[in-house]
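Engineer: Mind looking at a prediction? Sequence and model below.
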Amino acid sequence: MLIIQILLTIFFLFALAKVVGRWRAGDLRMTDMVWWLLFWVAAIIVVLLPNSTATLAKLVGIGRGADLVVYVALVLIFFIIFRLIIKIELLNKDITKLVRKISLDENKDEKNNLV
Amino acid sequence: MFFVVVPAYNEAKSIGRVVSDLFSHGLHNIVVVDDGSSDDTSEVAKSAGAVVLTHEVNRGQGASLQTGNEYALANGANMVVHFDADGQFNPADIHGAVEALQNKNVDVLLGSRFLDNRSQMPWTKKYIVLPVAKLVNRFLTGMKLTDAHNGFRILSRRALEKINISQDRMAHNSEIIKQIKMHNLAFMEHPVQVNYFEYGQGMGGGFKIILEILQGRLIK
């Protein structure tokens, strides 16, 4: 076994433990936890059996298994970034709503002398 | 009831004068929205006699205007003017603008720096930045206007009820124009004077606005 395989496997196991830990702490929903578990288990399989991706790569017309992994990883990462940006923007809008409500509520007790 | 909404972020130096100028021009119900300033904007505005709404954290000019609009609506406004806190606008323009809006019986009045020649602006702004901004606005909103991104505007109650500013930062200007069109609100342009002490948005700001608008289209 190559050293890189050992290092990566150790890291992925660590990531797996983190996923379970987050789920136990209530920071991760059940469905999200399952997806992350599947993801890291798949990563371990790919690292320990590098040739496992080759068949799939050939099937979709890519030369090497490693290339397929890189392509899929990039697509996923960009998609996740896109989702995160949208989510942050929605959070921003929620924060604005809260800030606005607080500012309007706080003013209710003031004497404003409107004419 | 007539309200003046003045969004202010760290404008302690100018807000006092702006508010008292508005009062001395016979205006009332001046609402300063302190957008999370770290200086004394709130205190200065309050002691000048304005109603002060305070955003706990900075949310941007669009968000501040919407807060002011909602306050005005809740307190029986039939008209709101948006006015800058940095002293760029001339309060003497308000009365004429209100008259014009009532005479033409429209829902929205947009200030324009190009309908008379009182506004002195840097030539780069006049001949490069603004024409580009106008084109972009026209492209994104489908409305042809003589000015772009001028913060002076008057909204009738009908317009206030229809227009909802969701662009928190600077893209609200184009958003308002878009919503005027979307809700078929009658509008007009009216000459206003803008004094430039600083350069304002500049090029970088313009690009940021375009990005905000495009991002806003993706989200909704």
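Structural biologist: Alright, I've got the coordinates. Residues are numbered from 1 along each chain as shown, chains lettered A, B, ... in the order given.

Engineer: What strands flank the helix or strand hosting B:Thr54, and is each parallel or antiparallel?
Structural biologist: Per DSSP states H and E: B:Thr54 is located in strand B:51-55. Taking DSSP bridges as the criterion, strand B:51-55 forms sheet pairs with strand B:30-35 (parallel).

Engineer: right, and the helix or strand after the partner strand?
Structural biologist: Criterion used, DSSP H and E; the element after strand B:30-35 is helix B:41-47.

Engineer: ok, residues contacting that next one?
Structural biologist: Outside of helix B:41-47, the residues within contact range by C-beta atoms under 8 Å, 6 or more residues apart in numbering or on different chains are B:6, B:8-12, B:15-16, B:19, B:32, B:34, B:52, B:54, B:85. Placement of C-beta: from N, CA and C, glycine included.

Engineer: what's the single longest helix in chain A?
Structural biologist: Ranked by residue count, the top helix of chain A under DSSP state H comes out as helix A:65-107.

Engineer: if I've got this straight, B:Gln120 is in a strand?
Structural biologist: No: counting by DSSP: H, G, I helix; E, B strand; the rest coil, B:Gln120 is located in no strand; its state is coil.

Engineer: is chain B contacted by the longest helix of chain A?
Structural biologist: Yes: Helix A:65-107 is in contact with chain B by C-beta under 8 Å from any C-beta of the partner chain, via A:85-86, A:89-90, A:92-93, A:95-96, A:99-100, A:102-104, A:106-107.

Engineer: Nearest to chain A among the contacts of helix B:41-47?
Structural biologist: Taking C-beta to the nearest C-beta as the measure, chain A sits nearest to B:Thr54 out of those, at 5.4 Å.

Engineer: Give the burial count for the closest one, as a bare number.
Structural biologist: 20 (other C-beta atoms under 10 Å in any protein chain shown).

Engineer: Surely it and A:Glu110 touch.
Structural biologist: No: with contact defined as C-beta atoms under 8 Å, B:Thr54 does not count as touching A:Glu110 (10.7 Å).

Engineer: For the contacts of helix B:41-47, which single residue is the most surrounded?
Structural biologist: B:Asp34 (32 neighbours).

Engineer: Thanks again, I'm all set now.
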